[in-house]
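Asks: Let's see this in three dimensions:
(2 chains)
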Number of protein chains: 2
Amino acid sequence: MMKRIDPIQINWKPAKNKVIPVYKQIIQYVCDRVASGEWVIGARLPSQRTMAKLFNVNRSTISIAIDELTSYGIISGKSGAGTQIVSNTWALMLPTKPSWKKLISSGYFQENNYRLQQINQLEFEPNIARLGTGELDLRLFPQKMWTEVLQKMSTEITSWGYAEPLGILELREAIVEHMRQFGINVSTENILVTSGALQALQLIASCMLKEGSTVFTEAPTYLKSLQMFQSAGLKLNGITMDHDGLEYWKIKNQIKNSESSILYTIPTNQNPTGITMSDIRRKELMDFCIKNRLPIIEDGAYQELCFDNDQFKPLKSIDDNGMVMYLGSASKTLAPGLRIGWVIASKPVIQRLGDAKMQMDYGASSLSQLVFAEFLKSGKYSSYLVDLKKTLKKRRDNALECLTKYFSQLATWNKPIGGFYIWLTFNESIEVDDIFERALKKKILLNPGDIYDFKHNRSIRISFAYLECDEFKESIKKLALLLMDK
Amino acid sequence: MMKRIDPIQINWKPAKNKVIPVYKQIIQYVCDRVASGEWVIGARLPSQRTMAKLFNVNRSTISIAIDELTSYGIISGKSGAGTQIVSNTWALMLPTKPSWKKLISSGYFQENNYRLQQINQLEFEPNIARLGTGELDLRLFPQKMWTEVLQKMSTEITSWGYAEPLGILELREAIVEHMRQFGINVSTENILVTSGALQALQLIASCMLKEGSTVFTEAPTYLKSLQMFQSAGLKLNGITMDHDGLEYWKIKNQIKNSESSILYTIPTNQNPTGITMSDIRRKELMDFCIKNRLPIIEDGAYQELCFDNDQFKPLKSIDDNGMVMYLGSASKTLAPGLRIGWVIASKPVIQRLGDAKMQMDYGASSLSQLVFAEFLKSGKYSSYLVDLKKTLKKRRDNALECLTKYFSQLATWNKPIGGFYIWLTFNESIEVDDIFERALKKKILLNPGDIYDFKHNRSIRISFAYLECDEFKESIKKLALLLMDK
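Replies: Residues are numbered from 1 along each chain as shown, chains lettered A, B, ... in the order given. Predicted structure coming up:
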């Protein structure tokens, strides 16, 4: 039974002197009519020509508004039937609801969200050389280990229900064993398995920290992963580094209330700079934090990728006072798609976090947990890491050689002791935004330093982990030529 | 180099007439001293006897405070060294920071959080009969399908990096195909793969809904899964059901502002009542929602478990206006540990949600995604579902028989057409809290209806999915005897 739908009546004109552009006023007007129920589903809009006349605007202005309303799925132009209202619920939330991105208030970073999204998309383009990407070369995937473990599990596993609140015991036992080599001696009660390190941050933000607290962090840092701190109402405060790491003494006069500050740090093979905090700096930082009662979140994502094993033990390994929460992850060493991370902290803190996780009902896939437990227990993961570090070391050396050869006159950089990254800072004459676009035309994707910083910089993040030596050389050469050819 | 630590000075007494118990005042006092830095790590507390004197309280009061401070890890009693301050950062957040549970403001539910946590823990006890649990019997795990798929994948998969923003294409294609049988015809662009249905709810809450909005839902419902709505500042409003499902007309005079309300519903095999909305009610509800511009989140967790296939198509299958967001999940049909769910919505809505997910960097494990894609594509999942439904149907019939035999004089219940649950409502003489404790002593774990409701009720949720027919019969018989034996 079709109900007769009254023709749409328009008695409104956009204001031409308003701050809001005319096309946006039109979108808002249409949305308001639909939201109020005045214009029902199936109601037909006048032709664009008629609307242009009614609103007293150009056809092109109408056209922009109609296109945007169509893209949200609010209206649809069916051939013959004209443009109709087709949705009045979810679709209506798309233009009117303030974008969730508005939650992210870190000035400079916010503006760079566009660039970040652009890079996220470009990463899926075929034949693009990702010169700064934060992902391990997929060709380094340990196929043999994977096949063996999966075949073993295909017959051994007989069920998987909801996992234990803190994570499957077998995995926590394996993590305890694994962390010993880094000087971290804890028990299974000190470990919470999470769905990647980001879930850990989310749990900490939501059930440990007070709104309005300050999170100190290296500047630049991997800001993207800290967005949830901001969503949880916490403030980020970037502290610069020298070649020994975080200049912790600069925190001192910025602490307003010691109760409501924490420090988030990536002391080893930092993302994006590749800087590793020296042993002396680590001790000094710990003393400083003890003195100022500043709790630490230590992100150990790249801790396991020090090319020479005995270097740079985690802060957690010299923590006698439950000051450091350590975050581990398999995302950088093995595969982000596994979604396995872990938190190490005191038992009561782990209980609190585990309780929150249980109530949220999240948690890592049991399948991923069991696979990673088997990787660890079988010793396969350790020997894989040895090989991986050899490969990455070779690639780093190659990268440094290439930079010396092609960039000596154009930029400066550091020599990382592990991880994925080199931080390349250009000479004053070079504008990163300009290079980004020009490199893109040559199918080279760069990660501008601005993405990671609280203010403008002249740097890019270089990764030697994603491309093979020859590919890297070719791309870096192209980039250098492009720079000299301006 | 050991620093000399000044002995602790105490010039304070708890107020005895305050609303706050004395032991809590003492805890607060100690925390404040430690937080301010006045009492440093290593500082020794006076003996309990001395403190009792100083504070002018009983030894037992001191003892309670000391125990609690110890449990947080703030102080520790080392033999010979007395009780010392051992942590002044994270540990200090445990007693002082308002519990994250305070976020949950749904009156009755909040009070029941304790019971919920108790049940969560009891579920891991050995030899306990879980008569109301929301999990499938682990013995129904499809071992053969699992072995075959894992063996295939052990050689076929050669890498896994970050997955595509909306989820691995192969899986989205398989889901598109899978949903056709339920009358839902969409394309891969309408599907977002999430880490369980709960992540979907979190994404919707954080990037679609306005703070202060009202979420209408069945009463009782699976409140636990709706906590994040409340954490996101949304209000829950429970609407009662009759045997045809949600009494939607009761929403009418509670809608204050049509823009800021949505409906969350489990129309098929509802959790916890087992009620399925009739076809007529579905159509009426859709008309009502269209008329009132009320967007719907349809939770299809139990949609695939209708024992007779052709019954009760999802609301999404009769949605012409992008009014319904459908949530699918493998948690109830296969294994919650897989952490695979999906949202079906219009393309622009999926884009918005996918964008948020990408920025949060969450997402389901690639491994889980690939495994589930293979389950679906190979047809193994469909034939597994056929078997599973046969088994569950048999168990339901057995459960109904048992109830008729043992509970006719004690309670009333409904006959579900699928899913896991029967809603058992006791006669007036019976108190659920009382039965819960008594049943527990007999190693039977019940799920009191209060956990799911906005107000007190006299019901329990019975599940026929977790126990075999004989086990179910035995437990239900025990329970009946217990009830008659009061």
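Asks: what's the neighbour count on the closest residue to A:Lys210 other than its chain neighbours?
Replies: Using CB to CB, 6 or more residues apart in numbering or on different chains and skipping the chain neighbours, the partner closest in space to A:Lys210 is A:Ser260 (5.6 Å). (C-beta placed from N, C-alpha, C; glycine too.) Using other CB atoms under 10 Å in any protein chain shown, A:Ser260 is surrounded by 15 other residues.
Asks: swap in A:Lys210?
Replies: 15.
Asks: before we move on, what about A:Ala52?
Replies: When neighbours are counted by other CB under 10 Å, A:Ala52 registers 17.
Asks: wait, it sits on A:Asn58?
Replies: Yes: with contact defined as CB atoms under 8 Å, A:Ala52 and A:Asn58 form a contacting pair (6.5 Å).
Asks: got any ranges where the stretch 251-400 of chain A has weak pLDDT?
Replies: Where the stretch 251-400 of chain A drops to pLDDT under 70, the residues are A:257-259, A:359-363.
Asks: how many neighbours does A:Pro267 have?
Replies: When neighbours are defined as other CB under 10 Å, A:Pro267 has 26 of them.
Asks: isn't it right up against A:Leu315?
Replies: Yes: under the criterion of CB under 8 Å, A:Pro267 makes contact with A:Leu315 at 6.0 Å.
Asks: So which residues of the stretch 251-400 of chain A form helices?
Replies: In the stretch 251-400 of chain A, the segments counted as helices under DSSP state H, counting those that start in this stretch are A:279-291, A:347-360, A:366-377, A:380-407.
Asks: Not counting its own residues, what contacts the shortest one?
Replies: Looking back up the chat, that one is helix A:366-377. With CB atoms under 8 Å, 6 or more residues apart in numbering or on different chains as the test, helix A:366-377 has contacts from A:145, A:149-150, A:152-153, A:157, A:160-161, A:163, A:167-168, A:170-171, A:173-175, A:177-178, A:193, A:330, A:334, A:338-340, A:380-381, A:384, B:335, B:337-339, B:365, B:367-368, B:371.
Asks: Are we agreed that A:Asp450 is in a strand?
Replies: No: residue state for A:Asp450 (DSSP: H, G, I helix; E, B strand; the rest coil) corresponds to helix; a strand is not indicated.
Asks: wouldn't it be in contact with A:His456 here?
Replies: Yes: the pair A:Asp450 / A:His456 is scored as a contact, 6.1 Å apart, by CB under 8 Å.
Asks: what about these two, which has more around it?
Replies: Higher neighbour count among A:Asp450 and A:His456: A:Asp450, with 23 against 13, using other CB under 10 Å.
Asks: how far away is the more buried one from A:Tyr114?
Replies: 11 Å (CB to CB, to the nearest Å).
Asks: repeat for A:Phe312
Replies: From A:Phe312 to A:Tyr114 the distance is 36 Å (CB to CB).
Asks: And the two? Which one has more around it.
Replies: Neighbour count, other CB under 10 Å: between A:Phe312 and A:Tyr114, A:Phe312 has more, with 21 against 10.
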